[in-house]
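Novice: sequence unknown, structure follows:
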């Protein structure tokens, strides 16, 4: 048997139809919901503020170990030497899978958000917190 495929219909469905489907789904019992091949995903809460210190910025300069993104854009690791840690309000650190390491040539990804970028990200995340995405599971 093939695994279920995910199909995002929220891009082709009108907002009123999506809202009505969600209302109907919420009226179903938990066992009825479990037997259905549809569910609603909500965006996660915004990431909390997280400060960065000079030692961390300096440790991420090695491009063989770290890939660095600032405000969603890849930057050269060497640019960190000219940056002030107080510029950043959020940092997300992740380890790459072995396959990604092979392709990208570094082991960890560091995503930094400047204060202004973080503020905009947080405002958008809060504004969109009730926007669900409908996911159908279709069996092949």
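Specialist: Yep, it's here. Keep in mind that this is a model prediction, so the values were computed, not measured.
Novice: Any idea which helix or strand in the protein has the lowest mean pLDDT?
Specialist: When the helices and strands of the chain are compared on mean pLDDT, DSSP states H and E, strand 5-8 comes out lowest with a mean of 47.
Novice: ranges for the helices of this protein?
Specialist: Read by DSSP state H, the chain holds these helices, from start to end of the chain: 15-27, 30-35, 54-59, 98-104, 115-127.
Novice: Quick check: which of these is nearest to residue 74?
Specialist: Proximity of the helices of the chain to residue 74 was assessed by CB to CB; the nearest stretch is helix 98-104, lying at 10.1 Å. Quick note: C-beta positions are derived from backbone N, CA and C, even for glycine.
Novice: Quick one: residues contacting the residue nearest the centre of the chain.
Specialist: Ranked by distance to the mean C-alpha position of the chain (CA atoms, centre = their mean), the top residue is residue 44 at 8.2 Å. Listed by CB atoms under 8 Å, 6 or more residues apart in numbering, the contact set of residue 44 reads residue 125.
Novice: and what of residue 109?
Specialist: With contact taken as CB under 8 Å, 6+ apart, residue 109 is in contact with 66-69, 93-94, 96.
Novice: Tell me the one of these nearest residue 76?
Specialist: Comparing every one of these with residue 76 (CB to CB), the shortest separation belongs to residue 68, at 7.8 Å.
Novice: What is the neighbour count of that closest one?
Specialist: Residue 68 sits with 23 neighbouring residues when counted by other CB atoms under 10 Å.
Novice: beta partners of it?
Specialist: Residues found in beta-bridge contact with residue 68 (criterion: DSSP bridges) are residue 75, residue 110.
Novice: My guess is it contacts residue 78. True?
Specialist: No. Counting by CB atoms under 8 Å, no contact exists between residue 68 and residue 78, whose distance comes to 9.6 Å.
Novice: Can you flag the weakest of the helices of the chain by average pLDDT?
Specialist: Within the helices of the chain, the stretch with the lowest mean pLDDT is helix 30-35, showing a mean of 72.
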